[in-house]
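# Pasting a predicted model and its sequence here:
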Amino acid sequence: MRKNLFQYVEEEEAEINLTPMLDVVFIMLIFFIVTASFVKESGLDVNRPDAPTAVKKESANILVAIGASNEIWISGRRIDPRAVRANIERMHAENPEGSVIIQADKKAFTETLVLVMDSARQAGVFNVSIAAEVD
């Protein structure tokens, strides 16, 4: 028995090649991973004070946390008070448009807060904010 030409064509078209589809899905996955924005954390859980006039700020580039026992944290590392200015200068050099957000615990001394604010200003960052709980 002889097969005609149409039977051969049907057998060849029955296969679906999934390789191009998998390539597209893989490229899309890489695109979404690369373009995803990651949340920056200061590295310390801070019990912030409540403020009825607080305004939610969407993005902050340099987060500084002051703990209840007045320890200063930047990017998950505990920082000596004398090194705050140098760390803020370095981070500000990486992103000159960035602002400094200070997350101070309710029990932290005002002296430590003022020290961090002065260090930020000495580092050339004049956009300094203090984080509070938004109602």
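Arrived safely.
# In this structure residue 115 contacts residue 83, no?
No: applying CB atoms under 8 Å as the test, residue 115 and residue 83 come out as separate, 11.6 Å apart. In short, each C-beta sits where N, CA and C put it, glycine included.
# and these two? which has more neighbours close in?
Between residue 115 and residue 83, residue 115 has the larger neighbour count (other CB atoms under 10 Å), namely 18 against 13.
# Next, count neighbours for residue 130.
As a burial measure, residue 130 scores 17 neighbours (other CB under 10 Å).
# typed the wrong thing, it's residue 117
Count around residue 117 with other CB under 10 Å applied: 19.
# got the contact list for it?
By CB atoms under 8 Å, 6 or more residues apart in numbering, the contact set of residue 117 is 102, 128.
# Assign a three-state SS to it, would you?
helix (DSSP: H, G, I helix; E, B strand; the rest coil).
# Tell me how far it lies from residue 98.
Distance of residue 117 to residue 98, given as CB to CB, to the nearest Å: 15 Å.
# mind showing which ranges of this protein have poor pLDDT?
By pLDDT under 70, the weakly predicted segments of the chain are 1-14, 37-60, 133-135.
# report the longest helix in it, please.
Ranked by residue count under DSSP state H, the longest helix found in the chain is helix 19-35.
# Tell me the helix or strand right after that helix.
Sequence order places strand 62-66 as the next helix or strand after helix 19-35, per DSSP states H and E.
# Tell me the first helix or strand C-terminal of that next one.
Sequence-wise, the next helix or strand downstream of strand 62-66 (DSSP H and E) is strand 72-74.
# what's the next secondary structure element after that following strand?
Heading C-terminal from strand 72-74, the first helix or strand you meet, by DSSP H and E, is strand 77-79.
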